[in-house]
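Enquirer: Quick one: sequence and predicted model below, then my questions.
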Amino acid sequence: MSLARGQDNVAVTYRPPRHAELADCALVWYSAVDDYMARLNRPLPSPYLDPLLTMLEHLLATDPERFLVAVRSGDAASARSRDQVIGFGIAAQREHVWYLSQLYVLPHEQGHGIGRALLTQILPSEAADPRPGVLAMCTDSAQPVSNGLYARYGIVPRMPVFNLVGSPNPSALSRLPAGIEAVAFGRSDPSAAAPAIAAAIDAIDRAVLGYAHPVDHAHLRATGRTGFIYRFDDDEPVGYGYSSEVGRFGPVALLDETLTAPVLGHLMNAIRPRGATSAWVPGANDRAMVALLRAGLRIEGFPALLCWTRPFAAFERYVPASLSLL
Ligand SMILES: CC(C)(COP(=O)(O)OP(=O)(O)OC[C@H]1O[C@@H](n2cnc3c(N)ncnc32)[C@H](O)[C@@H]1OP(=O)(O)O)[C@@H](O)C(=O)NCCC(=O)NCCS
């Protein structure tokens, strides 16, 4: 735990969250993003925070030492009898890649060093310079504050990521070639894929994303995404992909990028969402960009920017699950 003076000279404390404070973090997220988007003339719709809360619970379970809240202490003598969460930051460490999942500060507390203090306390130790491994995150291209803050640590914006949204028409895409089969996995027990499938997913992730992250795959399946392994009929895996009935698309990781359009088409056919489909497509993945646009999706809003200290993933063969956890 550490102390610092905040904007109104009341001490700000930095400490791990209590479980009951996750809902406060979700409200900080909503206030910070809504305030910033309103200034861009794009206010957020009413909050539906359940998916974010589920993600915060997952990150607290996997990375408790990299989840901090900034609080103003409660005072039994005043109206504020419990600690007030004014900001929070969370990173996920997956093998050698440290990824900043969230960093948000309440609008009226911004610009006073709280975001930087949260960031520096969850960054890997500075003792080794340069820091070991890779530091990465995703920012909003229209947000100079976060881009400037992270770039000072070498985590520089390198690649746009586009949000493609709409009701796709999979018949616009070619079918899986003969000799490639799709096998659904994790339906009966989302927490554990069969050992051979789990090993194949880890190997594909290390080849494409640069690291394996089975805990996040379990989380994806537990929160309603259905996964498929794509393999040659001789059993050799060539990639995997996920989609969901609520329209959240990805992650998709392929060893052979020529399979991009047919795999995306297969996922769209296999799972028909009730509403719109939403996917995050890195600019380097030109094949996914072309395929999804041809299938009828449209670019929504400003692109996000993937930032890193040094390259770690083959984004030309990857479509992430989200921007909070690749
Ligand atoms: C981004 C955010 C977390 C930063 O927290 P904060 O408490 O406001 O930030 P701090 O006061 O600690 O630091 C801001 C830094 O950005 C830098 N910065 C601000 N505007 C900048 C610009 N135009 N160019 C470069 N750097 C800039 C400041 O110089 C400051 O660095 P310093 O400490 O060296 O002076 C907070 O502003 C926020 O929640 N914003 C809205 C939501 C958001 O965009 N979150 C990030 C999503 S990627």
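Expert: In hand now; what should we look at?
Enquirer: which parts of this structure sit against the ligand?
Expert: When proximity is defined by CB under 6 Å from any ligand atom, the chain lies next to the ligand at 32-33, 36, 103-105, 110-116, 139-140, 143-146, 148-149. No exception for glycine: its C-beta is placed from N, CA and C like everyone else's.
Enquirer: Secondary structure element holding the closest residue to residue 21 other than its chain neighbours?
Expert: Distances taken as CB to CB, 6 or more residues apart in numbering put residue 85 closest to residue 21, at 5.4 Å, once the chain neighbours are dropped. Following DSSP states H and E, one finds residue 85 within strand 84-94.
Enquirer: how far does that strand sit from the chain's center?
Expert: Distance, stretch centre to chain centre, for strand 84-94: 13 Å (CA atoms, centre = their mean, to the nearest Å).
Enquirer: what packs against it?
Expert: Judged by 3 or more CB pairs under 8 Å, 6 or more residues apart in numbering; DSSP states H and E, strand 84-94 is in contact with helix 22-39, helix 50-62, strand 67-72, strand 97-105, helix 114-122.
Enquirer: Quick check: the closest residue to residue 198 other than its chain neighbours vs residue 95, distance?
Expert: Among residues not flanking residue 198 along the chain, residue 214 sits closest, at 6.2 Å (CB to CB, 6+ apart). Look at residue 214 and residue 95: by CB to CB, to the nearest Å, they are 11 Å apart.
Enquirer: Flag the shaky bits of the stretch 1-150 of the chain, pLDDT-wise.
Expert: Applying pLDDT under 70 to the stretch 1-150 of the chain flags residues 1-10, 76-80, 127-131.
Enquirer: Return the residues in contact with residue 119.
Expert: Shown in contact with residue 119 (CB atoms under 8 Å, 6 or more residues apart in numbering): 89, 100, 103, 149-150, 153.
Enquirer: Output those residues in CSV, with neighbour count appended to each entry.
Expert: What follows is the contacts of residue 119, written out as CSV (neighbours: other CB atoms under 10 Å):
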residue, neighbour count
89, 27
100, 24
103, 24
149, 16
150, 24
153, 16
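Enquirer: Return the member of the residues you listed nearest to residue 122.
Expert: Residue 122 lies nearest to residue 89 out of the contacts of residue 119, by CB to CB, at 5.2 Å.
Enquirer: Please look at the closest one and residue 105 and confirm they touch.
Expert: No: contact criterion CB atoms under 8 Å: residue 89 and residue 105 do not qualify, at 9.0 Å.
Enquirer: Run through the helices of the stretch 101-250 of the chain in chain order.
Expert: 114-122, 144-151, 195-208, 214-222 (DSSP state H, counting those that start in this stretch).
Enquirer: need the ones you listed in a markdown table with distance to residue 17, can you?
Expert: Formatted as a markdown table, the helices of the stretch 101-250 of the chain follow (distance: least, CB to CB, whole Å):
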| stretch | distance to residue 17 |
| --- | --- |
| helix 114-122 | 12 |
| helix 144-151 | 21 |
| helix 195-208 | 28 |
| helix 214-222 | 18 |
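Enquirer: Compare those and give me the one nearest residue 182.
Expert: Closest among the helices of the stretch 101-250 of the chain, once you apply CB to CB, is helix 195-208, at 12.4 Å.
Enquirer: What residues of that closest one count as buried?
Expert: Buried residues in helix 195-208, defined by neighbour count with 16 or more other CB atoms under 10 Å: 197-198, 200-202, 204-205, 208.
Enquirer: Columns pLDDT on top of those residues, output as TSV?
Expert: As requested, these are exported to TSV (pLDDT from 0 to 100):
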residue	pLDDT
197	91
198	92
200	95
201	96
202	97
204	98
205	98
208	98
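Enquirer: returning to that earlier point: of all the helices and strands packed on strand 84-94, which one comes closest to residue 258?
Expert: strand 97-105 (26.6 Å).
Enquirer: follow-up on the earlier one: where do the contact lists of residue 89 and residue 105 overlap?
Expert: Shared contacts of residue 89 and residue 105, defined by CB under 8 Å, 6+ apart, comprise 115, 118.
Enquirer: domain parsing for this protein?
Expert: Domain assignment of the chain by automatic domain parsing yields the ranges 2-132, 164-301.
Enquirer: Out of these, which one sits most buried?
Expert: For the domains of the chain, the largest average neighbour count (mean count of other CB atoms under 10 Å) is found in domain 164-301, namely a mean of 18.
Enquirer: Endpoints of that domain, how far apart?
Expert: Separation of the first and last residues of domain 164-301 by CA to CA, to the nearest Å is 9 Å.
Enquirer: cool, and stretch 210-228?
Expert: 20 Å.
Enquirer: what mean pLDDT does that stretch have?
Expert: Per-residue pLDDT over stretch 210-228 has a mean of 95.
Enquirer: just to revisit the earlier point, do you know how far the residue nearest to residue 198 is from residue 70?
Expert: Residue 214 sits 31 Å away from residue 70, going by CB to CB.
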